[in-house]
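> 3D, please:
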Amino acid sequence: MLKSISENWPRRGLRIVGVTMAVAGFGLPFVVTFDGLSEQGHRILSVFLMAVVLWVTEAIALHATALLIILLEILLISDQSVFGAIDGFEPDPYATYFASLAHPVLMLFLGGFVLADGAARFKLDRSLARVLLKPFGTSPRLILLGLMLVTAGFSMFMSNTATTATLLAVILPVVGTLPAGDRFGTGLVLSIPLAANVGGIGTPVGTPPNAIAVGSLAEAGIGVSFIGWMMLAVPPMIVLLLVSWWLLTRMYPSQADSIELNIIGQFETSIKGRMFAVVFAATVGLWLTEPIHGIPSAIVGFMPVVVLVAAGVVSTDDLRSIQWHVLWLVAGGIALGAGVAKTGLDTWIVGQINWSSFGATMIVALLAVLTLVLSTIISNSATANLVVPMTLSMAASSTVGLGATRAVFFVAIGASLAMALPISTPPNAIAFSTGAVPTKDLAIVGVLVGVSGLVLYLLLAPLLFTVVGVDL
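Next up, the predicted model:
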């Protein structure tokens with residue numbers, strides 16, 4: 001028992017420190033007056049400081065912090081505030097903050113989760129992998145390329161965590177057949193989280209930071225369509241995948257001339273399996289053709305949930321397996337952003353720095369780098385929740401001259417490109433847990449791909465945003 005206590009103490013100690021710092025951060029604005037900040041600003045600043053500490057230290061679960069934010073905003077700045085009304089401040093109804101738990105972006109993500117869960121249950125993911133990888137033959141280099149393209153493609157419409165788990169299950173038996181000392185096995189395993197992280201950039205449902213970005217822009221009255229996001233994100237993503245593939249082939253050359261991929265799996269032929277495949281294809285098709293039919297992507301994402309549940313394809317047990325904690329995390333970020341904007345805290349924080357001395361391009365680059373660094377050591381979702389509200393405020397500042405869509409887009413990109421440590425993203429953690437990827441390899445490749453990806457997006461941004469029609 002003493003051994004158990006000693007092993008768990010470091011984690012317990014960190015939690016105690018984190019909670020203590022969070023309580024101190026929460027109480028600070030109630031005892032210290034900040035010049036130029038309103039009373040409602042002080043109240044939301046307490047919530048913001050608490051959230052920063054808890055998300056960075058993970059003293060409590062990330063989604064627990066998100067729920068705590070919603071509750072505290074209701075108790076501090078809504079029309080049901082326990083501190084009473086504030087002169088000159090018109091609070092939002094408390095239902096506004098509860099509504100963040102059913103924000104349209106969450107419905108979009110819920111649809112993505114249901115489709116990802118069904119794809120695994122009906123073996124659609126493995127069957128598609130078998131079909132899509134077959135054309136790449138037996139050449140190690142081409143197999144690596146095919147694996148990365150398939151992984152990235154799946155991650156655009158499925159959870160990158162689920163995608164990584166699926167493709168690792170497919171490729172690990174192949175790695176086991178390679179000669180002892182063949183580093184190509186490490187390259188194969190490493191390519192999957194790498195491609196999953198990069199592929200998730202491609203769509204609003206690919207990764208939580210994308211959902212947070214789209215949801216925050218929507219709250220600010222700026223709509224970004226599903227296909228519009230893809231037009232901005234996919235072209236550099238493809239280039240980055242090719243660069244990553246080239247890098248892996250140089251760092252992890254194969255000793256074998258050919259490799260056989262024996263992927264076991266076939267399409268589910270039951271009525272439910274066929275129905276799911278049709279709904280899956282129809283949903284992706286509607287997402288990709290949003291400019292034609294005009295149905296918002298969030299409504300399209302909710303459609304498969306309703307259809308599959310009503311038809312009995314998705315059961316109650318299946319719904320229990322949905323990653324609800326991720327949805328709550330996104331909701332907390334949206335609620336925090338709304339509260340920060342409502343109280344004017346964002347304007348006050350931005351006003352503490354003379355941003356007019358920086359050009360718009362420099363600010364975008366600094367925000368992206370800041371997000372990349374933070375997301376390397378803490379959750380990319382938590383980082384996006386913290387940085388996106390401040391970014392929107394900077395964009396709204398008349399002295400900065402920064403486009404909101406452009407700035408928030410790059411914050412999401414920076415969060416997704418942070419992949420240098422096992423803790424940086426769930427795909428990294430899954431790959432690291434196999435024992436086939438040393439931390440040193442993950443760090444070197446993660447930094448190279450992350451930095452080169454950020455540079456690539458920054459260079460291509462002017463052309464992409466002009467083509468899509470977004471004002472830079």
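> which stretch of helix or strand covers the closest residue to G202 other than its chain neighbours?
Setting aside the residues directly before and after it, G202 is nearest to M156 in space (Cβ to Cβ, 6 or more residues apart in numbering), at 4.1 Å. (Glycine included, C-beta is placed from N, CA and C.) M156 belongs to helix 140-157 when assigned by DSSP states H and E.
> Identify each buried residue in that helix, please.
The neighbour-count check on helix 140-157 (16 or more other Cβ atoms under 10 Å) flags 140, 143-157 as buried.
> likewise stretch 225-240?
225-237, 240.
> same deal with stretch 36-53?
In stretch 36-53, counting by 16+ other Cβ under 10 Å, buried: 37-38, 40-53.
> Please name whichever of these scores lowest on pLDDT.
For the buried residues of stretch 36-53, the least confident position by pLDDT is V52, scoring 82.
> Show me where the stretch 351-472 of the chain has its strands.
Counting by DSSP state E, counting those that start in this stretch, one finds no strands in the stretch 351-472 of the chain.
> Run through it and note the low-pLDDT ranges.
Across the stretch 351-472 of the chain, the ranges flagged by pLDDT under 70 are 353-356, 397-401, 423, 468-472.
> For G185, give me its contacts.
With contact set as Cβ atoms under 8 Å, 6 or more residues apart in numbering, G185 has these partners: V175, L178, A436.
> rounded to a whole number, what's the mean pLDDT of the helix or strand it falls within?
For G185, the host element (DSSP H and E) is helix 184-199. If you average the pLDDT over helix 184-199, you get 90.
> what element comes up after it heading to the C-terminus?
Criterion used, DSSP H and E; the element after helix 184-199 is helix 208-219.
> what helices or strands is that following helix leaning on?
Packing partners of helix 208-219 (3 or more Cβ pairs under 8 Å, 6 or more residues apart in numbering; DSSP states H and E): helix 104-121, helix 324-343, helix 380-396, helix 404-416.
> tally of neighbours for Y457?
25 (other Cβ atoms under 10 Å).
> Run through the residues that contact it.
By Cβ under 8 Å, 6+ apart, the neighbours of Y457 are P236, A368, F410, I413.
> now, which of those residues sits nearest M21?
A368 (27.4 Å; Cβ to Cβ).
> Now do the contacts for the closest one.
F410, V411, I413, G414, L454, Y457, L458.
> From S375, how far out is it?
10 Å (Cβ to Cβ, to the nearest Å).
> quick one: common contacting residues for these two?
G414.
> how is the protein carved up into domains?
As assigned by automatic domain parsing, the chain contains the domains 1-98, 104-238+253-324.
> any idea which of the ones you listed is most buried?
Here the criterion is mean neighbour count by mean count of other Cβ atoms under 10 Å, and of the domains of the chain the winner is domain 104-238+253-324, at a mean of 20.
> Relative to the whole chain's centre, how far out is that domain?
14 Å (Cα atoms, centre = their mean, to the nearest Å).
> for the stretch 251-400 of the chain, what spans make up the helices?
For the stretch 251-400 of the chain, helices defined by DSSP state H, counting those that start in this stretch occupy the ranges 271-288, 290-293, 297-310, 316-320, 324-343, 345-350, 360-377, 380-396.
> Out of these, the one nearest V114 is which?
helix 297-310 (5.1 Å).
> Can you list the helices and strands that the closest one packs against?
helix 104-121, helix 271-288.
> tell me the angle the first one makes with helix 271-288.
For helix 104-121 against helix 271-288, the angle by axes from the mean of the first three to the mean of the last three Cα atoms, to 10 degrees is 140 degrees.
> thinking again about what came up before, okay, the helices and strands packed on helix 208-219, which one's buried deepest?
Highest mean neighbour count among the helices and strands packed on helix 208-219 (mean count of other Cβ under 10 Å): helix 404-416, a mean of 27.
> who does it touch, helix- and strand-wise?
helix 208-219, helix 226-251, helix 360-377, helix 380-396, helix 439-468.
> at 7 Å what do you get?
helix 208-219, helix 360-377, helix 380-396, helix 439-468 (3 or more Cβ pairs under 7 Å, 6 or more residues apart in numbering; DSSP states H and E).
> one step back: TSV for the buried residues of stretch 225-240, including pLDDT and distance to D257?
Shown next, in TSV, are the buried residues of stretch 225-240 (pLDDT from 0 to 100; distance: Cβ to Cβ, whole Å):
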residue	pLDDT	distance to D257
S225	84	46
F226	87	42
I227	87	42
G228	85	44
W229	89	41
M230	90	37
M231	88	40
L232	87	40
A233	90	36
V234	91	33
P235	91	34
P236	92	33
M237	93	31
L240	94	28
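> can you tell me which two in those residues are farthest apart?
Going by Cβ to Cβ, the pair spanning the buried residues of stretch 225-240 furthest: S225 and L240, at 22.5 Å.
> which residues make contact with stretch 325-340 from outside it?
Applying Cβ atoms under 7 Å, 6 or more residues apart in numbering, the contact partners of stretch 325-340 are 44, 47-48, 51, 62-63, 65-67, 69-70, 73, 77, 97, 100-101, 103, 105-106, 109-110, 208, 211-212, 215-216, 219, 346, 381, 384-385, 388-389, 392.
> again, only using 6 Å
Here stretch 325-340 makes contact (Cβ atoms under 6 Å, 6 or more residues apart in numbering) with 44, 62-63, 66-67, 69-70, 73, 97, 100-101, 103, 106, 208, 211-212, 215-216, 219, 346, 381, 385, 389.
> where does that stretch sit relative to the chain's centre, distance-wise?
Counting by Cα atoms, centre = their mean, stretch 325-340 comes out at 13 Å from the chain centroid.
> Thanks a lot, catch you later.
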